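Visitor: from the sequence below, what's the structure:
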Amino acid sequence: MSSYSDRLAALRDQLKRERLDGFVVPLTDEHMSEYVGAYAQRLAWLTGFKGSAGTAVVLPQEAAIFTDGRYTLQVRQQVSADDWDYVSVPATSVAGWLGGHAPDGGRIGYDPWLHTRAWVEEARKALTEKGAELVPVDTNPIDAVWPDKPAPSDATLAVQDDANAGKTSAAKRAEIADWLHERKADAVVLAALDSIAWAFNIRGTDVLHTPVALAYAVVNADGTADLFVAPEKVTDEVRQHLGNAIRIHDRNAFAPALKQFAGKRVAADPASSVSAIFDALDAGGAKILSLRDPVLLAKAVKNASEIAGHKAAQARDGAALSRFLRWFEGAAPQGGLDELMLEDKLEGFRRETGVLKDLSFSTISATGPHGAIPHYKATPESNLPVELGQLYLVDSGGQYADGTTDVTRVMPVGAPTAEMKDRFTRVLKGHIAIATAIFPDGTTGAQLDGFARRPLWEVGLDYAHGTGHGVGSYLSVHEGPQRIAQPFYPGGQALEPLRAGMFLSNEPGYYKAGDFGIRIENLVLVVEKAIEGAEQTMLAFETLTFAPIERTLIEPALLSPQEREWLDAYHAQVLAIVGPQLSGDDIEWLKAKCAPI
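Guide: Modelled structure (predicted):
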């Protein structure tokens, strides 16, 4: 179709044919994933919005798109105000907006494979009070008007070897079986793609930058399992790896199979199992236990092999990034660079490692005003040249068989302004506050989040995203349940206690709309902290990411002696870990960047 306005009109016509007065379009898939395959990008197709979190509602006379603070600027650049109203969440919920805008007596459609049961109940309640009705659809009406909709990926599965996994699939399933026995349950449904990948030690390429495969699974109390996946995706190697204890079924057989648990106690996670899963279990007479996915915490607390692999991945990734930063510093002032060119250049340095599987997310390559858009993605239409006087922000990462990386650095093009240096140094102070935090076992990310913000708060500044997210082991770059954030920031469970073995990001930032953006991001590992005389278990962070933090952006007078000490020690580690992988001009540049401040 020629325009997004035409697509919106086509959807409205389709809704009329289906006797619907509205429809809700979330950015997710049947697994409640954050990043989804091309076949599930319905929100982007309909609206043009390319962010990673959002929802649209289409009514006969109005339409609204709901995004959080990370996308305040982006949504206005990508989605036409002529067709869409911009609504901010969580200040206004989708259900609450429906309750105020749906026509009296209207029929509002939703796809039960794309919403949680909790959302359905909330929306139904809001609509009922309006005299309107929430109606499940058998087929998504967007699919009927999306003429060139991609098919789901048919890529084959791959085995994640036990050396990198650190534990066999049989051992993991035995632990899940123990969890089921403790709850007197017969089976658990696994719907989250990364949970399935972790539990079965398999990986895939069905979702861009996230090594997962489209599948469902049911793990039984005897440790056996049923894996529902397209048959053509299962190679002989994968079949041998899975073994006889895992029965393989067509992915289309999953919904009917859920109706065969009459009288059985079946666990399902209400956060990752969509409404349709609960509906099917109900229809089959199962006794549903709404419990958190048992894989979630087990996956988040990394074992020794996963930690060692991650450190190896970080070392090579840090060398690739350092080589890019040296090249950028020399090339940028000469002109001729742009955001997309730099994105490709950095990926090239990572590919030269010879072991890069994929990027871990779409690189945020942002110069000048685009740096103020936290989740900016350069396109041919938005692509800006890098110019003198700007800050260049690059947030990027790699997927390696032994680890997933995520790092953000900022570089000046020419001499930075005093304001840029002040803001950068305050972000650095917040970053150091998290890196050096010591806290009791049981502390949540929400309790730590303010540490990173204080240097900005002191001068009336802040940033509208969380300070840290969990990270997987050659899995999702955004992994729960851990998070460093205030509870009202979307994207994770900030009230989850942090535990030794968890990976998180440490990424405070500052964004001046229309001018520049700053973010300093390293990944960290939660570790136990030995303190003489301590009366309880204490935890701390071990920094895992090693690449220089741009010294020309630092205002040393703003740093305390302790902060200077941390920065010098960090750069000494960068030189020790990254230095042996570099040579020639690269190593000389790194030595200069890592000299004491």
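
Visitor: which residues sit against the lowest-mean-pLDDT helix or strand in the chain?
Guide: Every helix and strand in the chain was compared by mean pLDDT, DSSP states H and E; the lowest is helix 72-78, with a mean of 90. Identification of contacts with helix 72-78 by Cβ atoms under 8 Å, 6 or more residues apart in numbering yields 47-51, 54, 65, 67, 86, 88, 372-373, 375-376, 382, 464, 513. Any C-beta I mention is one placed from the backbone N, CA and C, and that applies to glycine too.

Visitor: just give me how far stretch 463-476 sits from the chain centre.
Guide: Centroid separation for stretch 463-476 versus its chain: 6 Å, with Cα atoms, centre = their mean, to the nearest Å.

Visitor: list the buried residues for that stretch?
Guide: 463, 465-476 (16 or more other Cβ atoms under 10 Å).

Visitor: quick one: which of those is nearest Thr116?
Guide: Ser476 (18.3 Å; Cβ to Cβ).

Visitor: so is that closest one in a helix, a strand, or just coil?
Guide: Secondary structure assignment for Ser476 (DSSP: H, G, I helix; E, B strand; the rest coil): coil.

Visitor: need the contact list for Asp106.
Guide: Residue 106: Gly, not Asp. Here Gly106 is in contact with 21-22, 59, 127, 130, 132-133 (criterion: Cβ under 8 Å, 6+ apart).

Visitor: out of these, list just those in helices.
Guide: With helices taken from DSSP state H, the overlap with the contacts of Gly106 comprises Leu127.

Visitor: of the contacts of Gly106, which is the most crowded?
Guide: Ranked by neighbour count (other Cβ atoms under 10 Å), the contacts of Gly106 have Gly22 at the top, with 25 neighbours.

Visitor: looking at it, that residue is touching Leu11, isn't it?
Guide: No. Taking Cβ atoms under 8 Å as the definition, Gly22 is not a contact partner of Leu11, at 10.4 Å.

Visitor: spatially nearest residue to the most centrally placed residue in the chain (excluding sequence neighbours)?
Guide: The centroid of the chain falls nearest to His478 when counting by Cα atoms, centre = their mean (3.1 Å). In space, and not counting its chain neighbours, His478 is closest to His469: 5.0 Å by Cβ to Cβ, 6 or more residues apart in numbering.

Visitor: quick one: low-confidence residue ranges for the stretch 51-200 of the chain.
Guide: Residue ranges of the stretch 51-200 of the chain with pLDDT under 70: none are present.

Visitor: name the element Ala81 belongs to?
Guide: For Ala81, there is no host helix or strand (DSSP states H and E).

Visitor: how many other residues sit next to it?
Guide: 9.

Visitor: if I pick it, what's in contact with it?
Guide: Not one residue lies near Ala81 by Cβ under 8 Å, 6+ apart.

Visitor: any idea how far Ser365 is from His209?
Guide: According to Cβ to Cβ, to the nearest Å, His209 stands 15 Å off from Ser365.

Visitor: okay, those two: which has more neighbours?
Guide: Ser365 (28 against 19).

Visitor: I'd guess that one is in a helix, am I close?
Guide: No. Counting by three-state DSSP, Ser365 is not found in a helix; it is strand.

Visitor: give me the distance between the closest residue to it other than its chain neighbours and His375.
Guide: Residue nearest to Ser365 in three dimensions, not counting chain neighbours: Glu343, with 4.1 Å by Cβ to Cβ, 6+ apart. To His375, Glu343 is 14 Å away according to Cβ to Cβ.
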